[in-house]
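*Asks:* Curious how this folds, go ahead:
(chains A and B)
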Number of protein chains: 2
Amino acid sequence: MNVPKQATPDHPIHELVAKRWSPYAFEDRPVSDSDLRSIFEAARWAASSYNEQPWAYIVATKAQPQEFELLLSCLVEGNQGWAKAAPVLAIGCTNLRFSRNGKPNSAALHDLGLASATLTVEASSRGIFVHQMIGILPEKAREIYHIPEGVQPLTGLAFGYAADPKALPDAFRDRDLAPRTRKSLTEFVFSGEFGATSNIVK
Amino acid sequence: MNVPKQATPDHPIHELVAKRWSPYAFEDRPVSDSDLRSIFEAARWAASSYNEQPWAYIVATKAQPQEFELLLSCLVEGNQGWAKAAPVLAIGCTNLRFSRNGKPNSAALHDLGLASATLTVEASSRGIFVHQMIGILPEKAREIYHIPEGVQPLTGLAFGYAADPKALPDAFRDRDLAPRTRKSLTEFVFSGEFGATSNIVK
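*Replies:* Numbering: from 1, shown residues only, chains lettered A, B, ... in the order given. From the prediction side, this is the model:
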């Protein structure tokens, strides 16, 4: 399925970055366990503050329908509407304290982001798409999976193969078909003063 | 300079993920503006919650020594010791509130992580290394760069070409030469229950 959502960069970027996007439509096709192992292996090698690796992922696939339904129920309703089509779902969690000394890890949320972006690169290299969402029900996830205090369930992740959006309900289809938009580089690369565009990107 | 810090994955991962690491030793060699543009362009195309793109980077290169010294002074002393050798430094910032409605963005720190991991992929594809650090002086950065309230300076980033670590002071050299270690996949990929290893990675 060829969906024209490739990035339209102003400067050359690697194809693994350019072809990543967050689909709403997924093919009815499983992701192999071998692909999933490599995807999480990539997360394993992400950078983290003091090499704490604070991230954890709770994963469910359609091979186990009850487990899948349970994980789906931890997403907000609006996300359930499209994410139920994905063959694999996960909840991204992060340990807010250092395991070695119990002190707060100010990089905990950030480093979950590093890991999730890194696993997305691995997925992209295998033709698999990842749609992340902040719209989850963290307290429900905590209850269902007995997530301990101090560990924050933060994100949902849907994994799968992008499908033709025409089968989607209108609202999702429009989002899937809309062109990708981004701020200009001049709006977020600064030098000398916050808000002052760096000469590097002028 | 060939430093043997390639990841030693248990499952196959893309070379751009495997060859990324965080060096302490940098060659005395600039990163071109054209490479930097592509590196930040990659960040631009990262995913973000509601496409908010909350990240911003304040950048300084050795082409402007005073600007570079100022940015270096925003790192904790321990990081200044090695980061002063890198040709490019940056402070990663994130907007804690949605620009459209001023409400808190619970993905703000996480999404800075997504952007920084994505720019690191682009850097890796160009033979450039990124060493991120949480050890910065955020209030000093806020003062120097007039970072507005509601925007959090969170990370430092050093960019450059990895050098032979033998010229480093002992403590950094040992870190640069130490093998890379990671938790096992079984320690962070769960199913059914937090802490229960998923069958996918068993």
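*Asks:* Please list all residues in contact with whichever residue of chain A sits closest to chain B.
*Replies:* Chain A approaches chain B most closely through residue A:113 (2.3 Å), counting by C-beta to the nearest C-beta. C-beta: built from backbone N, CA, C; applies to glycine. For residue A:113, the contacting residues are B:109-117, by C-beta atoms under 8 Å, 6 or more residues apart in numbering or on different chains.
*Asks:* Provide a list of residues in contact with residue A:22.
*Replies:* Here residue A:22 is in contact with A:129-132, B:47 (C-beta under 8 Å, 6+ apart).
*Asks:* Of those residues, which is the nearest to residue A:54?
*Replies:* Proximity of those to residue A:54 (C-beta to C-beta) peaks at residue A:132, which lies at 17.0 Å.
*Asks:* right, and the closest one touches residue A:116 too?
*Replies:* Yes: contact criterion C-beta atoms under 8 Å: residue A:132 and residue A:116 qualify, at 6.3 Å.
*Asks:* Do any residues in the worst-scoring helix or strand of chain A on mean pLDDT lie close to chain B?
*Replies:* Lowest on mean pLDDT, DSSP states H and E among the helices and strands of chain A sits helix A:170-177, with a mean of 88. No: Helix A:170-177 does not reach chain B (C-beta under 8 Å from any C-beta of the partner chain); its nearest approach is 10.2 Å.
*Asks:* one step back: could I get the contacts of residue A:113 as a markdown table with pLDDT?
*Replies:* Shown next, in a markdown table, are the contacts of residue A:113 (pLDDT from 0 to 100):
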| residue | pLDDT |
| --- | --- |
| B:109 | 98 |
| B:110 | 98 |
| B:111 | 98 |
| B:112 | 98 |
| B:113 | 98 |
| B:114 | 98 |
| B:115 | 98 |
| B:116 | 98 |
| B:117 | 98 |
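*Asks:* Sort out which of those residues are in helices and list them.
*Replies:* Residues of these located in helices (DSSP state H): B:109-117.
*Asks:* In space, what's closest to residue A:20 - neighbours in sequence excluded?
*Replies:* residue A:124 (4.9 Å; C-beta to C-beta, 6 or more residues apart in numbering or on different chains).
*Asks:* Ok, residue A:182 next?
*Replies:* residue B:44 (5.0 Å).
*Asks:* Got the phi and psi for that neighbour?
*Replies:* Dihedral pair for residue B:44: phi -60, psi -30, per degrees, to the nearest 10.
*Asks:* Next one: it, what pLDDT does it get?
*Replies:* In this model, residue B:44 is scored at 98, pLDDT.
*Asks:* burial count for it?
*Replies:* If you count neighbours by other C-beta atoms under 10 Å in any protein chain shown, residue B:44 ends up with 25.
*Asks:* Over to residue A:184?
*Replies:* Neighbours of residue A:184 (other C-beta under 10 Å): 11.
*Asks:* same deal with residue A:10?
*Replies:* Here the count is done by other C-beta under 10 Å, and residue A:10 has 15 residues near it.
*Asks:* So it: helix, strand or coil?
*Replies:* The local conformation at residue A:10, judged by DSSP: H, G, I helix; E, B strand; the rest coil, is coil.
*Asks:* Which residues are in contact with residue A:10?
*Replies:* Here residue A:10 is in contact with A:184-185, B:41 (C-beta under 8 Å, 6+ apart).
*Asks:* try residue A:29
*Replies:* Taking C-beta under 8 Å, 6+ apart, one finds A:87, A:160-161 in contact with residue A:29.
*Asks:* What is the lengthiest strand in chain A packed up against?
*Replies:* Longest strand in chain A by number of residues (criterion: DSSP state E): strand A:151-160. In terms of contacts (3 or more C-beta pairs under 8 Å, 6 or more residues apart in numbering or on different chains; DSSP states H and E), strand A:151-160 is packed against strand A:55-61, helix A:77-83, strand A:88-95, helix A:108-125, strand A:129-133, helix A:138-145.
*Asks:* could you check the angle helix A:108-125 makes with it?
*Replies:* On the basis of axes from the mean of the first three to the mean of the last three C-alpha atoms, to 10 degrees, strand A:151-160 is oriented at 10 degrees to helix A:108-125.
*Asks:* All set, thanks.
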